[in-house]
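# could you look at this predicted model? Sequence included:
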Amino acid sequence: MGGFARAAKVVNKAVVPLLELPVVGRVLGRGMVVLAYHGRRSGNRVELPVAYRRRGDEVSVSVALPDQKTWWRNFTGDGGPIELQLPEGTRAGHAVSRRDDKGSVTVVVALAPVG
């Protein structure tokens, strides 16, 4: 694990609990969400705080520095299941990652219907 990955792991472990606090979570939750998934190879549950945009039942996550991160690769091809801890509660969904011709990566989540 490189220096960037180690630093990201420490920051992520600090930010995830902050998003769960009532006051702090409401403020940060306007632009951040915790996503959770099981790694394709490891099977381990992973929780990450990410910035997001939402339109109805579609959530987009632009992956900053995608070549230094691996989490989004779990959603290449046909994608896979994911959970998002949104302000109104946890929602399941299906995520697919795409890399454009400039190298940018976006993960698009189609949220499952409520109920």
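Arrived safely. Remember, it's a predicted structure, so these values are computed and weren't measured experimentally.
# where in this structure is the helix or strand with the lowest mean pLDDT?
Scoring the helices and strands of the chain by mean pLDDT, DSSP states H and E places helix 22-28 at the bottom, with a mean of 56.
# that one: what's the following helix or strand?
Next helix or strand after helix 22-28 toward the C-terminus (DSSP states H and E): strand 32-38.
# can you give me the strands in this structure?
32-38, 45-51, 53-55, 58-63, 80-86, 89-99, 105-111 (DSSP state E).
# angle of the last one against strand 80-86?
Angular relation of strand 105-111 and strand 80-86 on a 0 to 180 degree scale: 80 degrees, by axes from the mean of the first three to the mean of the last three Cα atoms, to 10 degrees.
# mind listing residues that contact strand 105-111?
Residues from elsewhere that reach strand 105-111, judged by Cβ atoms under 8 Å, 6 or more residues apart in numbering: 35, 57-63, 66, 72, 75, 82, 84, 91-100. C-beta coordinates here come from the backbone N, C-alpha and C atoms, glycine included.
# using CSV, write out every CA atom in that strand.
Taking Å, rounded to 0.1, in the frame of the first residue of the first chain, the C-alpha atoms of strand 105-111 are listed here in CSV:
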residue,chain,number,x,y,z
VAL,A,105,-13.9,8.3,-14.0
THR,A,106,-17.6,8.6,-12.9
VAL,A,107,-19.5,6.1,-10.8
VAL,A,108,-23.2,6.3,-11.5
VAL,A,109,-25.6,4.7,-9.0
ALA,A,110,-29.2,3.8,-9.9
LEU,A,111,-31.0,3.8,-6.5
